[in-house]
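In: sequence and computational prediction follow.
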Amino acid sequence: MLTERYGIAADQACDLLRTLSQDSNVTLAQSAQQIVAADAEGTAPAPEG
């Protein structure tokens, strides 16, 4: 989803998820679930560009 929405490579998406997980002190799976939920609700940040 991150690669499609933001036009980033898969390894960049994994790095982003890992960073978000560590910064939020939650599991990577929880970070991913939050991103998917925000997208479903329409509250995810819009891609730049």
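Out: Looks like it came in fine.

In: the residue most central in space within the chain is in what secondary structure piece?
Out: Nearest residue to the geometric centre of the chain (C-alpha atoms, centre = their mean): Ile35, 5.0 Å. With elements taken from DSSP states H and E, the one containing Ile35 is helix 28-41.

In: what comes up buried for that helix?
Out: Neighbour counts over helix 28-41 (16 or more other C-beta atoms under 10 Å) mark 31-32, 35 as buried. (Each C-beta comes from the backbone N, C-alpha and C, glycine too.)

In: before we move on, back to that, give the contact list for the residue nearest to the centre of the chain.
Out: 1-2, 17, 20, 44 (C-beta atoms under 8 Å, 6 or more residues apart in numbering).

In: 7 Å instead?
Out: 1, 44 (C-beta atoms under 7 Å, 6 or more residues apart in numbering).

In: what of Val36?
Out: So Val36 contacts Met1 (C-beta under 7 Å, 6+ apart).

In: kindly report the same for Ile8.
Out: Leu2.

In: swap the cut-off to 8 Å and go again
Out: By C-beta under 8 Å, 6+ apart, the neighbours of Ile8 are 2, 16.

In: ok, it to Ala40 distance?
Out: Per C-beta to C-beta, to the nearest Å, Ile8 is found 20 Å from Ala40.

In: re the thing from before, what's the pLDDT at the residue nearest to the centre of the chain?
Out: Confidence at Ile35, expressed as pLDDT, is 88.

In: next one: Val26
Out: pLDDT, read off for Val26, is 95.
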